[in-house]
Each structure stands twice: as structure tokens, then as C-alpha cells.
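Participant: what shape does this take:
(one chain, ligands or ions: 1)
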Amino acid sequence: MTADGVQRALDNHLAKDGGKVEAIYRATLAIATELSLDAALQRIVDAARELAHARYAALGVVDEERRGLTRFVVSGMTVDEIRQVDHWPRGLGLLGELIHFPRPLRVRDISGDPRSVGFPPGHPIMRSFLGVPILRGGRILGNLYMTDKIGAEEFTEEDEEILSLFAAHAAIAIENARLYTETDTRLRDKVAEVERAERRSRLLSELGAVLLGTRPGQDPPLESVAELAASQLGDAVAIFIVARGRPDRVADRLVFHQDPKRAQAAAELLSRSWDGLRQQILHKGRSVLVRTLDGQDGSPIFDGKLLKRARFSAVLAVPISTGQATYGLLASLASRPLTLTEEDLRFATLIADRLGTALEAAVLQRRERESRARLQELAELAEHRASELEAVLDTIADAVYVVDDHLRLTRRNRAYDRLMGLANGDPPITSLQQHFQLLKPRGENGDPLSLEDLPAVLALRGENFTSKVMLITPVHGDPDRYIAVSSAPIRDATGRVIAAVNVARDITESRERDRLRDEFISVASHELKSPLTVVKGYAQILLQRLQSIPDRQGEARMARQILDQSNRMAALADRLLDVSRIQFGRLHLERHPVDLESLVRGVVDQMQVTVGDHRLVVSTEGGMDASIDAGRVEQVVVNLISNAAKYSPDGTEIHLSLRREDGRAIISVSDEGPGIPREQQPHIFRRFYRASSGEGKSGTGLGLYISKGIVEAHGGRIWFQSEAGKGTTFFVELPLEA
Ligand code: ADP
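Facilitator: Now for the predicted structure:
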């Protein structure tokens, strides 16, 4: 019925009967002021029963698809009668007809009517019946059913009209109440939502405070986190932390529930389902929400039997992870189904994210602390090593100093300060420039040197220096000192030279000793010469005289011995004299143009007898004139051939050659002897040096030294090649006349 229609019907009734209209008006008012749907429905059915004068009345709410009734509200039944009804009509028979053909239906007696089905079995017997639809905008909202008209056999047409009119008002009231209820519910939901959001954001900030309050490097207090979370999520909250790098192993586990027994049940359920949880949540990184576990035989994670025993009906679980690593999972369990939602899942994720960040911070802090401790350890070790090194360096008698690539003296020992003449309390020498200015290093002969000539600088360029002899003037003007400096580069891991280590030894005393010895040798050998000449002269005369007397042959042999030994002594004295001449640069040469071929051949002729069982093989080139001291050069060749014979087995060959090479003469003497061991080779030209090849043979270790002196005095060169077991070749190179 439209609003106009209602008005018209009202006007109609006002004209007929003021009392009835008054009743409708009051009933309409009563239902219009009720905003709760439940109460509105009850008021409508009560008012309708009164208006129609019926013993019983009911209101059925039709579902949206008009298939049946979703609610059934009654009036006129006692509480006991209502309690006896075990199910309410769903819209069959008569009631169904009203749903499908929404127009008033009046029946005199329904007790025997075949359409009288679907009424509750315990319902008192009903006879007269009046049903009117509650329509709104062409849609049927429900029906009003009246039974048993009081004081009459049946409902009248007027009843039907009044009820229809009332039904039109009821439709509006229902819709209003529905709207109001809906709005109210929505509002309530919204308020609840806002409140929840507020509670949750408060929880998150509380959680933040708990996590921030954790001591650096310490894991966050899982128990407080779980307890906080449980206040807003399900009833139990569990946090499982896995071992680092071992996601299959649980390192820490915390389950919170107000009731410790329930916490135990949750812990057991989760622990037993660990494999599934690990797979889904840690391995695949997924979140899980099972809104209801009831009626399920289990899930990929939870076993049905376990679930039943634990009595949890809903569960959610989220990973605790950061972009860097997965630390574990957070789960929430609820005893009632459908109490965990997608929103809870998001909230759990927020908590898990915060926890993850805190766990990561703890790991990082721990790592940092560890590396700081390690650094500290290393620093202490370095300090320890440095003082150890310092102590070691200070026990060394030689001066040790390190020069870095900025020419700073980064390290020096006590011996350095002593050697450089620093007194206690003097400021230390801190740079090579300062070292250079204060000590004025010069060459062995006193020649000036520049800073660049210092072994330290050369070592910084990558060279190695051994025993470079220099002269220095100590700081406080003490007498000059000779030092032998050895320097070597120090390289970093990439091979770059970063410093030079230098060792300086004070050789002043030993040089002085050497000088005195050399002077003594020089004087002694010189002084020996004159008495020896006398001894040799008389021995010669004695020998000649005794040889001619037949029965004095024994004495003659003695005289020969005196002569031979005097010759040897004279030769030794000559050698010693040569040594000191060479040493002091006083070797005097009497140069004349000489044909080298005849010189060499002359020596060979002379030596043929002395080389014993050796075969001398000679090859020479002619036409080589040199301006030389023939006696001295012969002395060299004789010495080389004697050595070849002395240091190689009898019966082997000795090759002697003379050839021209690049305008210079090369004389070489090769033997088939044992050779000179490699490590001894650098020393072979030193005074008095005898190699192991000389063991068991007499000698002085002077021959090669003198030979070298003679050759170099001629502006030539002497060297050798030797290989163990393969013999030795000595080479002498002399300049030829232009
Ligand atoms: P000496 O022969 O008096 O020992 P030298 O100065 O002539 O002194 O020689 C020095 C050392 O060199 C010798 O003791 C010897 O060990 C070694 N030597 C010299 N020539 C040879 C050679 N041809 N073969 C092997 N060793 C040699």
C-alpha cells in the first residue's frame, strides 16, 4: 500500500469509527518509536494481536529470496508454551501461500485445513485465521498471522482492513528499525575497530619501548614480547627462534598463555608441528592463517589428532625476518574458531617485523662488539710485538734504524743513538735528512756523498746493500768512525717498498787492526828481504864449495835445503810485499810493448816441468802487442797455471789460450779439477781466502788477490767460471796497444 493509499484508508476509517482509528494510531505510534529491530518486531506483533482481537499472533520475517521465514516472533503464548516449541514454522502450507501470493488471507477454520502444515507440534489448536503481508516498495518483508478471534467465529473484513493498514505502518517501522540497527551495528563495529586499532598501536609503541630497552647485544626479552602480543592476539602467543644458519634447529622458544596449562598445550602442538611450520613459514616465507580448525582432519601443518587434543580452533603464524635473515616465527592460537582474522595476521606481521629488526640489531651489535674486541686484541698484540721488537733491537750491538718512504726514521735502537754519538737527553734523530746533516756520511776514502747515495735511499728504490763502508762524524764532534751499512727494502703485501731497514756496524776498530796488521806485514816482509838475500847468497856459495868435495855431500844437501827454503821464504816475503803494495795502491808497473803470444809461450816452456803429470795444451793467436809490465803479467799467468795444476787431478789436461776479442786480449786457463763451490766463489779474490778445493794443499790464499791487483793495475779484468765436478776456467782480459 502506498503512502497515499494509507492516508485514504485512514480517512475512510476516521469517518466510520473514531475508536478503531484511535487504536491504530496509538499502535502505529508505539511501533514507530522503537529503534531496536527485535523489540520493534515484538511490539508489532503484540499491537497487531490487540488490533485484531486474536488469541495468538505471529510475525514471520521472509528471507531475501522469498523462500521461507528466517524469524518467527509470537504473541499470546506463555513462556512455558514458547519453551515447548522445538522448532518454529519456516513458511510451508498456509504461511507459504502468503509468501508466494502476498495478499490478505482469511480462513474460518484451519484446524482441518490441508494447508495447515508446518506449525509447531506443541502449539495449541488454532481455528480462525487471518494473514496479511507486510509489504514495502513492492517487496515482501514478512507476514502477520492472527489465529483464534476472541469472541467470534472468525476474523472480519474490517479486521483484515485494519491489519492491512497496520501492516503498512509496520513495514515502515521494520525498515526504520532495520536501518537503525544496521547503522548502529556498523557504528559499534567501527568504534570497536577504532578502539582495537588504538589498543594495537599502543601495544606496538609499548613493544618498541621494550625492544629499545634491551641492553646492546642482548636478545630482546621474548617473554615480554609474547605476553604483550597475547593481550591483543588470540589467547596464546608463541615465539620460536631458530639457530643461526640452522633454520631446522630451534634455539629459543617461548609460549605465553594466561593459563600455564594452555601454554603447555600450545607449546606441545607447535613443537610437534615444527616440520610443517618450518616448511611453510621459514622455508617458503609464507604466513599462515587457519580461521577454523574445527571439523578439519588436519592441515599440511597440523595433525588432526594433535589439534583435537590441544583444543585450539584457530591459528596464525608469520615469519620473523628482515631483508637479511630469517630469525624464526611468531604464532598465535585461539581456542574459539573464527576469532583470528586477516587483520590479526597483519598485526602479527607488524609485531614480528619489529622483533626481527630487534633481533638483527642484537646480532649486529654482537658482531660489532666481537670485532671491536678482536681489534683490541690485535692492537694489544701489536703493541706487545712492538715492545718485544724494541727490546730485541736494543740488545743488538749494531745500530738498527728503519727509514720510511717519506725518509722518516720510524724506528732506531739504542746502539744507533750510541753510534751516532747522541748523549742522554739529546733529541732523537727523526729523519734521514737530519741524519745526513748531523753525521756527514762520506765514502770510505772520505769522498763526499749526497743524500741519494745513502744505502737507505737506494734500498727504498728496491736495491739491497751489504756492508757499504762509510765514514761518519758523530754528533758531538767525536773522532770520525768507519761504519759498514747494510740496507734492505721492506715491502707491503702488494710488493711496494714502504721502508728500508738499515744495520750499521762500527768497524773503526777492526779497520785500525787491519791497518796495523797490514803495516806490520809490509814492514816485516820488507825487513825480511835483506837478511834473506844474505842467507841465500852464502848458502849458494856454500853449496857450490861443498858440491865439489866428494866426502862433504851430506853437508852439500843441507846447504841446498837452506837455499831452497830461503827461496820459498823470499817468495813469501815478495808476495806479502805485493799484497801491501796493491792494498796501498803502490804497485809499480814497468810497462813496455810486449808481444803477448811470445810471453804466453815463454811461460808455458818454463812451466812444462812444474805441472808434473798434467798435459798443457796451448792455443794462441799472434800479433797481439800490449803495453804491459811483462814480469807482472807472467806472474799472473804462472799463478793461474800453478793453481790449475795444484787443484786438479794428475793426468788431466790444462788448456791455455790467448785470443783477441773486441780489441782486447783474453788469456784463459782451464782445468778439469773439482771446481770451486758456488757459495765460496764470491770470496775467491779476497786476501788469505782459501776455498775448500784448497784443503790438503799448501798455499797462502794470496795468489789470486795479487793477480787481480796486477790485472786491474793494467786496466784489465780477471774473472772465472767454475762448476762443481767440471773444472774451472780463469779469464784475464788486457787492453791491447792501439
Ligand atoms: P792458494 O792457491 O795459495 O791457496 P790462491 O789465491 O791462488 O791461493 O787461490 C785461492 C783459493 O782458490 C785456493 O786456496 C783454492 O781453494 C781456490 N782455487 C784457486 N784456483 C783454483 C782452481 N783452478 N781450481 C779450484 N780451486 C782453485
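Participant: burial count for the residue of the stretch 251-400 of the chain found nearest the ligand?
Facilitator: Distances between the stretch 251-400 of the chain and the ligand by CB to the nearest ligand atom are smallest at Asp398, namely 29.8 Å. C-betas here are computed from N, CA, C, even on glycine. By the criterion of other CB atoms under 10 Å, Asp398 has 18 neighbours.
Participant: from what I can see it touches Ile507, true?
Facilitator: No. Here Asp398 lies out of contact with Ile507, judged by CB atoms under 8 Å, at a distance of 10.4 Å.
Participant: next, the residue of the stretch 151-300 of the chain found nearest the ligand: phi, psi?
Facilitator: Relative to the ligand, the nearest point of the stretch 151-300 of the chain is Gly245 (68.2 Å; CB to the nearest ligand atom). Main-chain torsions, Gly245, degrees, to the nearest 10: phi 80, psi 0.
Participant: and what of the one 3 residues further on?
Facilitator: The phi and psi values for Asp248, taken as degrees, to the nearest 10, are phi -80, psi -10.
Participant: leaving out sequence neighbours, find the closest residue to it.
Facilitator: Residue nearest to Asp248 in three dimensions, not counting chain neighbours: Arg278, with 6.4 Å by CB to CB, 6 or more residues apart in numbering.
Participant: part of a helix, is the one you found?
Facilitator: Yes. Looking at Arg278 with DSSP: H, G, I helix; E, B strand; the rest coil, it is inside a helix.
Participant: who in this protein is up against the ligand?
Facilitator: Applying CB under 6 Å from any ligand atom, we find that the chain lies next to the ligand at 643-644, 647, 671, 673, 676, 684, 690-691, 693-694, 699-705, 728.
Participant: so what's the residue nearest to Asp248 scoring on pLDDT?
Facilitator: With respect to pLDDT, Arg278 has a value of 89.
Participant: need the contact list for it.
Facilitator: Neighbouring residues of Arg278 by CB atoms under 8 Å, 6 or more residues apart in numbering: 242, 247-248.
Participant: show me where the stretch 551-700 of the chain has its strands.
Facilitator: In the stretch 551-700 of the chain, the strands defined using DSSP state E, counting those that start in this stretch lie at 592-595, 615-620, 625-628, 653-661, 664-670.
Participant: for Ala23, find the nearest of these.
Facilitator: Checking the strands of the stretch 551-700 of the chain against Ala23 by CB to CB gives strand 653-661 as the closest, at 152.2 Å.
Participant: now do the same end-to-end measure for stretch 446-453.
Facilitator: Stretch 446-453 has an end-to-end distance of 14 Å (CA to CA, to the nearest Å).
Participant: name the SS class of Leu59, please.
Facilitator: Under three-state DSSP, Leu59 comes out as strand.
Participant: list the residues that contact it.
Facilitator: By CB under 8 Å, 6+ apart, the contact list for Leu59 reads 41, 44-45, 48, 71-74, 134, 142-145.
Participant: narrow the residues of the chain next to the ligand to those in helices?
Facilitator: Among the residues of the chain next to the ligand, DSSP state H puts 643-644, 703-705 in helices.
Participant: from these, which is closest to Glu81?
Facilitator: So of these, ranked by how close each gets to Glu81 (CB to CB), first place is Leu704, at 144.0 Å.
Participant: picking up where we left off before, quick check: the farthest pair among the ones in helices among the residues of the chain next to the ligand?
Facilitator: The largest separation in those, counting by CB to CB, is between Ala644 and Tyr705 at 17.3 Å.
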